[in-house]
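1. This is a predicted model, with the sequence first.
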Amino acid sequence: MTLAELENAKAESLKEVAAANDAAAVEALRVKYVGRNGSIPALIKAMKDVPKDERPAFGKAVQAWRAEVEAALAAKGAGSSGEKSVDADLTLPGRWWGLGAKHPLSRVIEETARIFGRLGFTVADGPELENRFNNFTALNTPPHHPSMDRSDTFWFGEDCLLRTQTSPVQIRTMMANKPPIRVICPGRTYRRDTTDATHSANFHQIEGLYVDTKPVSLADLKSVLAYFAKEMMGDGVTVRFRPHFFPFTEPSVEVDFTCHVCKGKGCNVCKQSGWIEVAGAGMVDPRVFGHVGYDAEKVSGYAFGFGVERIAMIKYGIPDIRWLYENDVRFLSQLA
Ligand code: PHE
């Protein structure tokens, strides 16, 4: 481009800017002339091809063109110019990152603590790495019980394991306190299970324990669990007990909740039975009291335990336990 051509181009560009009558047109001209790939930056880039002796004059003319066009554009309200331009459209709306939501397992744990809190229970805690005594022996588990097997439990040497249940927190709480005791103990538990839609090697339980010097009965246990069932799952939900066996309770029961979907009529959620199995429970075995130094003649109590995942899955209709651990926001945000 010769100097004369440059002057023509400049005059042409200024005419165009003068004629531009809306923001889009001004912006298009800004891009055309002073934008990153505009004609003025292109001329500056091509400067090395201009014969050396013409370069200063040519350079000056290009800079003058740039200054005049920028001034004309600015007068028309163009937002930015040449080198100083921000390469973003500041008029675009901001990006929405979404709100976080509380995890379903945290919800169930907090809700459980609130419900039992209204009945006078406090929350107790214990370590995930336990010893054999707290996780098995004190809970009256016979020495060769299969749950102690290496294929069922994560052992670290002879006396150290990842707790298989939250029941050892019962033991710790009783050893550290005198009755009356009313605690719930939420926490992580571990079993050597192969992961599938309903099993996980690392899951959560909530244990409950009530021990008192006045007589505690199975009826007390049932009423407390019935209250919990109604508060957690909704009106019309109650409990039934089925005889069962746990080493640390006698008698022991399995606890079913009325199906909260059909209210007991039978549907595909409860496999037409009207009931959903939820918890294990029973009256604390006198031998357990013996292990923690309580006089079994003077105290009585009940214990119960259930899986947090199980409650979350039935309450929120989650068909696969793995969804609870994948941290997929499409799943998690549904409870927001
Ligand atoms: N810990 C038992 C289990 O893991 C559940 C349970 C707790 C049963 C308390 C009775 C009393 O299956």
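-> Great, that's in hand.

2. in the chain, which spans are strands?
-> With DSSP state E, the ranges of strands along the chain come out as 122-123, 129-131, 160-162, 181-190, 202-212, 239-246, 249-258, 275-284, 300-307.

3. Check which helices and strands the shortest one sits against.
-> Secondary-structure packing of strand 122-123 (3 or more Cβ pairs under 8 Å, 6 or more residues apart in numbering; DSSP states H and E): strand 181-190. From N, CA and C alone the C-beta is placed, and that goes for glycine too.

4. buried residues in the strand it packs on?
-> Neighbour-count burial for strand 181-190 flags 181, 182, 183, 184, 185, 186, 187, 189, 190 (criterion: 16 or more other Cβ atoms under 10 Å).

5. Tell me which two in these are the farthest apart.
-> 182 and 190 (26.5 Å; Cβ to Cβ).

6. follow-up on the earlier one: so which of the strands of the chain gets nearest residue 38?
-> Within the strands of the chain, the stretch nearest residue 38 is strand 202-212; the backing value is 59.4 Å (Cβ to Cβ).

7. Quick check: the gap between the closest residue to the ligand within the stretch 151-300 of the chain and residue 331.
-> Of all residues in the stretch 151-300 of the chain, residue 280 sits closest to the ligand, at 3.0 Å by Cβ to the nearest ligand atom. The gap separating residue 280 from residue 331 is 28 Å, by Cβ to Cβ, to the nearest Å.

8. When these two are compared, which one has more neighbours?
-> Counted by other Cβ atoms under 10 Å, residue 280 and residue 331 do not tie: residue 280 has more neighbours, with 23 against 15.

9. Contact partners for that one?
-> By Cβ atoms under 8 Å, 6 or more residues apart in numbering, residue 280 lies in contact with 244, 246, 249, 252, 253, 254, 255, 304, 305, 306.

10. The first one: how many residues sit nearby?
-> This means residue 244. 14.

11. hmm, back to that, TSV please, covering the buried residues of strand 181-190 and showing pLDDT.
-> Formatted as TSV, those follow (pLDDT from 0 to 100):
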residue	pLDDT
181	98
182	98
183	98
184	98
185	98
186	98
187	97
189	97
190	97
